[in-house]
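1. mind folding the following:
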Amino acid sequence: MVREGPSGLLKKDVLVAGAGVSDRLVELLSVQGEDLGANWADKVTGRLGGRVSRAEVKQELQEIYTALVAALGSGSLDGHGDAYGEVRALLTELSRNRARQGFTPTETAVSVFALKEVLEPALSGDGGDLAAYLKFAALLDTLGLFTIEVYAATREELVAAQAEQLLELSTPVVKLWDGVIGVPLVGTLDSARTMVVMEKMLQALIDTGSEHAIIDITGVPAVDTEVAQHLLKTVVAARLMGAECTISGIRPQIAQTVVALGINFGDIATKATLADALRHALRRSGVTLSAAPQASAR
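-> The predicted model follows:
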């Protein structure tokens, strides 16, 4: 039994009408495919400012065009439906490429929206064609928004990857002397960075066979309770590896802050400068230090 909807139209009639729109679109896109595809490629290439060759743009859009016609052939106009799975897959690839190439969201979405401009003159005739155009425009709006969503997700992935790379670069571990490594810290020390510092320092202790590590916080703008806790965790991890840690770069302002906050570094050695910390580590290693002889005046 066929049920009537709120408007009085039979559900069967709605489906037939939808199929008629799809058939008209498939007919038009198939017959004028070459001209429409060429115009589409021209518009998109122009909007991209020549940063992608027309040949490459045409190849990308031709694949999308073919998949779109095939999806319309199913009678569906639902861009989220199974019939448009291949179209969405191709748009995903295009959006991710545009994001990696540095294009804006608008420049990415125009690859879809430009097809509306191309198709409008061909469907500007009778009322039936206008109805088909409006439904097709709504479909392209759905697919265009999909490309923006994929673009945004890809950009977030790229930013996260770049942040991780910067985190690695901002946490070097250097060998200062036989048995002594240094970890100069610059910038804010948070939980994520503490984990990187800890991992790199512990690995360096193993790789170099060092027994002393100097954590230099000269480049850390401020030390609060959270930063102090991160430093203490790093020191404890080094001690579990059998290494001794010294914290250097304790400036007067930091010393006052540490006292005011009641932060207790316990038996952890702290020094004002990296040179003082290195001298301390060398003496703990049994290295004899002596002042260099001064050249006699002639």
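2. burial check on I254, number of neighbours?
-> When neighbours are counted by other CB atoms under 10 Å, I254 registers 21. Backbone N, C-alpha and C define where each C-beta goes, glycine included.
3. check V150 too.
-> 20.
4. could you check how far it is from A222?
-> 40 Å (CB to CB, to the nearest Å).
5. likewise for D78?
-> For D78, the distance to A222 - CB to CB - is 55 Å.
6. what does A204 give?
-> Using CB to CB, A204 is found at 26 Å from A222.
7. quick check: pLDDT value at R3.
-> pLDDT for R3: 39.
8. return the residues in contact with G179.
-> T208, G209, S210, E211, H212, S285 (CB atoms under 8 Å, 6 or more residues apart in numbering).
9. a strand runs through I217, doesn't it?
-> Yes - assessed with DSSP: H, G, I helix; E, B strand; the rest coil, I217 lies in a strand.
10. excluding covalently adjacent residues, which one is nearest to it?
-> In space, and not counting its chain neighbours, I217 is closest to G249: 4.2 Å by CB to CB, 6 or more residues apart in numbering.
11. isn't the one you found up against P221?
-> No - shown here, G249 and P221 do not form a contact pair, counting by CB atoms under 8 Å, at 11.3 Å.
12. between the two, which one's more packed in?
-> Per other CB under 10 Å, whichever of G249 and P221 has more neighbours is G249, with 22 against 12.
13. can you give me the strands in the chain?
-> Listed in chain order, the strands of the chain (DSSP state E) span 174-177, 180-186, 212-219, 244-248, 269-271.
14. for the third one, packing partners?
-> When you say that, I think you mean strand 212-219. strand 180-186, helix 191-208, helix 225-240, strand 244-248, helix 274-284 (3 or more CB pairs under 8 Å, 6 or more residues apart in numbering; DSSP states H and E).
15. who touches the shortest one?
-> Put plainly, it is strand 244-248. Residues contacting strand 244-248 (CB under 8 Å, 6+ apart): 211-218, 231, 234-235, 238-239, 265, 268-274, 276-277, 280-281, 284.
16. please repeat the previous calculation with a cut-off of 6 Å.
-> Residues from elsewhere that reach strand 244-248 (CB atoms under 6 Å, 6 or more residues apart in numbering): 212-216, 235, 238, 269-271, 274, 277, 280-281.
17. who wins for neighbours among those residues?
-> A213 leads these on contacts (other CB under 10 Å) with 29 neighbours.
18. show the contacting residues for it.
-> Contacts of A213 by CB under 6 Å, 6+ apart are I181, M201, A238, A243, C245.
19. just the closest of those to D129, please.
-> Taking CB to CB as the measure, D129 lies nearest M201 of the contacts of A213, at 69.8 Å.
20. how about that closest one: what's its closest non-neighbour residue?
-> V183 (5.3 Å).
21. what sits opposite that neighbour in the beta ladder?
-> Listed by DSSP bridges, the beta-bridge partners for V183 are I215.
22. check contacts around it.
-> V183 touches V173, M201, I215, counting by CB under 6 Å, 6+ apart.
23. recalculate using a threshold of 10 Å.
-> 171-174, 197-198, 200-201, 204, 213-217, 234, 238, 245, 247-248 (CB atoms under 10 Å, 6 or more residues apart in numbering).
24. quick check, R88 in contact with G79.
-> Yes - applying CB atoms under 10 Å, one finds R88 in contact with G79, separated by 7.7 Å.
25. now the contacts of G179 in CSV, with distance to T154?
-> Converted to CSV, the contacts of G179 look like this (distance: CB to CB, whole Å):
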residue, distance to T154
T208, 39
G209, 43
S210, 41
E211, 46
H212, 44
S285, 50
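26. which one of those is nearest to L140?
-> T208 (59.9 Å).
27. can you count the residues close to that closest one?
-> 15.
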